[in-house]
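**Student:** sharing a model that was predicted from the sequence below.
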Amino acid sequence: MSDKFDVIVIGAGPGGYVAAIKAAQLGLKTACVESWTGKDGKSQVLGGTCLNVGCIPSKALLEVTHKFEEASHDYESMGILAKSVDIDVAKMMERKDGIVKQLTGGIAGLFKANGVTPIHGHGKLLAGRKVEVTDKDGNTKTYEADNVILATGSKPIEIPPAPFDGDYIVDSEGALEFTEVPKRLGIIGAGVIGLELGSVWARLGAEVTVIEAQDTFLPVVDQQVAKDALKQFKKQGLNIITGARMTGAEVKRKLVYVNYEDSKGKQEAKFDKLIVAVGRRPYTDGALAEDSGVTMDERGFIFVDDNCKTEAPGVWAVGDIVRGPMLAHKASEEGVMVAERIAGHKPQVNYDCIPNVIYTAPEVAWVGKTEEQLKAEGEEYNVGTFPFAANGRAMAANATGGMVKIIADAKTDRILGFHVVGPQASEIVAQGVIAMEFGSSAEDLALTCFAHPTLSESVHEAALAVAGGAIHVANRRKKK
Ligand SMILES: NC(=O)c1ccc[n+]([C@@H]2O[C@H](COP(=O)([O-])OP(=O)(O)OC[C@H]3O[C@@H](n4cnc5c(N)ncnc54)[C@H](O)[C@@H]3O)[C@@H](O)[C@H]2O)c1
């Protein structure tokens, strides 16, 4: 293998592997360095956190447990008598592992098909766009490239009062590997991971308590939507305690004792397992030589410009190690942009149109600004909402909780925010993303024909409601 490439990517998660494939497609001689090793202790595993221990395995568990919950609690009301529904946790996990294997193997196939050279080992950026790779036996080899793309991702944040022990106090990765349903499950952090993993285990019968430091539930989400979601999560039995400061966690006699303080004073709770999901930090440990020329802020995020260029010439950084939301699809968008820029094109990522999804039931999804943000910015806007309770298809699907909410500029009618809590929100939000990407007004959506009967008609009705013209609900036009 020659040691010189046009592009070397460090990290094969959704930022890195997508960048590598795109670069190769553009005719650049490309290698991708990844250290992840399979359970056999030998083979290289591509896909990073998202495919191996994040987005994909969690969705595999969320889908199964959602079906289980429907079969256990909802089928009867629809006339289906599913007697003695039971869960085989081992089989559920085996299926999840199978999906992960299929997808990570798929990336290896895509590398082959596109001519990307995978290099197995830990990559470290040296000065002058050189990359030193250390393999699992400790052997090192140095490669050179005209351009290096850093895409090393993130790791769960560990907090001193609750250090991970891999057994009783675990991170998101550990929570995907429980071999049985914990009777009492504690979760620190009511963020995306806390809510998704809390849902998985609550649906299988765990008593779930979520301890959240902030007073406001999901402060980044539009608060009308967040409040609706909170009501539904509480109804499902999730015990979410906001404004609670955890002071310590201790494992004693196979139980985790957690101390925290909330508005009622000092509290103690005991759990069979504790998941700590208080955010993630950029992961660049051992990936940058001191003289690499790459700089970072005090939290470890690499400084980049709008086009993901670092301060070192020919070195780029994408995904969770740079500013912006820690989302797989944001990382992939940046990866494509960087590969195309290296090839001489001038694309940009539209950071205003990146969707967010929380894969609970109901799902919560949004793109653009919340009402709270617009108020703080002093913007004038109109709001249109439409509840799934008034949507025939949602009734047929037995999923009438939630709403679509569209916020449009009061003067131009351009859509500024698109929010969904309810069934298929993760799919429905794509309509908002497309509309906003094309600079659509609420009226443009209102003038569009939507198939009947579909959940998406709620988008149509919410768009109509922006101007007070919804058909299937009484209009309460809200003008600011
Ligand atoms: N569906 C998705 O898109 C998805 C899924 C999983 C993870 N992610 C991403 O991964 C990252 C990490 O997810 P996450 O859920 O860990 O982080 P998060 O930032 O979404 O939520 C962490 C929560 O923990 C709370 N918290 C922090 N310290 C605390 C403490 N000491 N005690 C109690 N609460 C505390 C925070 O206030 C916050 O609400 C996020 O950036 C997220 O976007 C995304």
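**Tutor:** That came through, no problem. Numbering: from 1, shown residues only.
**Student:** of all the residues in the strand or helix carrying Ala435, which ones are buried?
**Tutor:** Per DSSP states H and E, Ala435 falls inside helix 425-437. Buried residues in helix 425-437, counting neighbours by 16 or more other C-beta atoms under 10 Å, are found at 425-426, 428-429, 431-433, 435-436. C-beta here means a position set from N, CA and C on the backbone, and glycine is covered the same way.
**Student:** where does the closest residue to Ile428 other than its chain neighbours land in three-state SS?
**Tutor:** Spatial nearest neighbour of Ile428, chain neighbours left out: Val420 (5.1 Å); criterion: C-beta to C-beta, 6 or more residues apart in numbering. Using DSSP: H, G, I helix; E, B strand; the rest coil, the secondary structure recorded for Val420 is strand.
**Student:** can you pull out the low-pLDDT segments for the chain?
**Tutor:** The chain contains residues with pLDDT under 70 at 1, 477-480.
**Student:** would you mind writing the CA trace of the longest strand along it as PDB?
**Tutor:** Longest strand of the chain, by residue count under DSSP state E: strand 140-150. C-alpha atoms of strand 140-150 as PDB (Å, rounded to 0.1, in the frame of the first residue of the first chain):
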ATOM      1  CA  THR A 140       3.100   2.400  14.100                       C
ATOM      2  CA  LYS A 141       3.200   3.500  10.500                       C
ATOM      3  CA  THR A 142       3.000   7.100   9.100                       C
ATOM      4  CA  TYR A 143       1.000   8.200   6.100                       C
ATOM      5  CA  GLU A 144       0.900  11.500   4.200                       C
ATOM      6  CA  ALA A 145      -2.000  13.300   2.700                       C
ATOM      7  CA  ASP A 146      -2.800  16.600   1.000                       C
ATOM      8  CA  ASN A 147      -5.900  16.900   3.200                       C
ATOM      9  CA  VAL A 148      -6.800  15.300   6.500                       C
ATOM     10  CA  ILE A 149     -10.400  15.200   7.800                       C
ATOM     11  CA  LEU A 150     -10.800  14.700  11.600                       C
END
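**Student:** what's it packed up against?
**Tutor:** On a contact count with 3 or more C-beta pairs under 8 Å, 6 or more residues apart in numbering; DSSP states H and E, strand 140-150 meets strand 4-10, helix 16-25, strand 122-126, strand 130-134, strand 315-317, helix 328-342.
**Student:** nearest to the ligand among those would be which one?
**Tutor:** Set against the ligand and scored by C-beta to the nearest ligand atom, these come closest in helix 328-342, at 7.4 Å.
**Student:** parallel or antiparallel, list what pairs with the strand or helix carrying Asn382.
**Tutor:** When elements are assigned from DSSP H and E, Asn382 belongs to strand 381-387. Sheet pairing of strand 381-387 (DSSP bridges) gives strand 403-409 (antiparallel), strand 478-479 (antiparallel).
**Student:** of those, which is nearest the ligand?
**Tutor:** The closest of these to the ligand is strand 403-409. By C-beta to the nearest ligand atom, the value is 19.1 Å.
**Student:** what about the closest residue in space to Ala446 that isn't next to it in sequence, distance to the ligand?
**Tutor:** Distances taken as C-beta to C-beta, 6+ apart place Ala463 nearest to Ala446, at 4.3 Å, with adjacent residues excluded. For Ala463, the distance to the ligand equals 25 Å [C-beta to the nearest ligand atom, to the nearest Å].
**Student:** any idea which residue sits dead centre in this structure?
**Tutor:** Centroid-nearest residue in the chain: Leu327, 4.9 Å away (criterion: C-alpha atoms, centre = their mean).
**Student:** I'd say it and Ile358 touch.
**Tutor:** No. With contact defined as C-beta atoms under 8 Å, Leu327 does not reach Ile358; the gap is 11.5 Å.
**Student:** who in the stretch 51-200 of the chain is up against the ligand?
**Tutor:** 159, 188-194, 196 (C-beta under 6 Å from any ligand atom).
**Student:** name the element Gly166 belongs to?
**Tutor:** Using DSSP H and E, Gly166 falls outside every helix and strand.
**Student:** look up how far the ligand lies from it.
**Tutor:** As defined by C-beta to the nearest ligand atom, Gly166 lies at a distance of 17 Å from the ligand.
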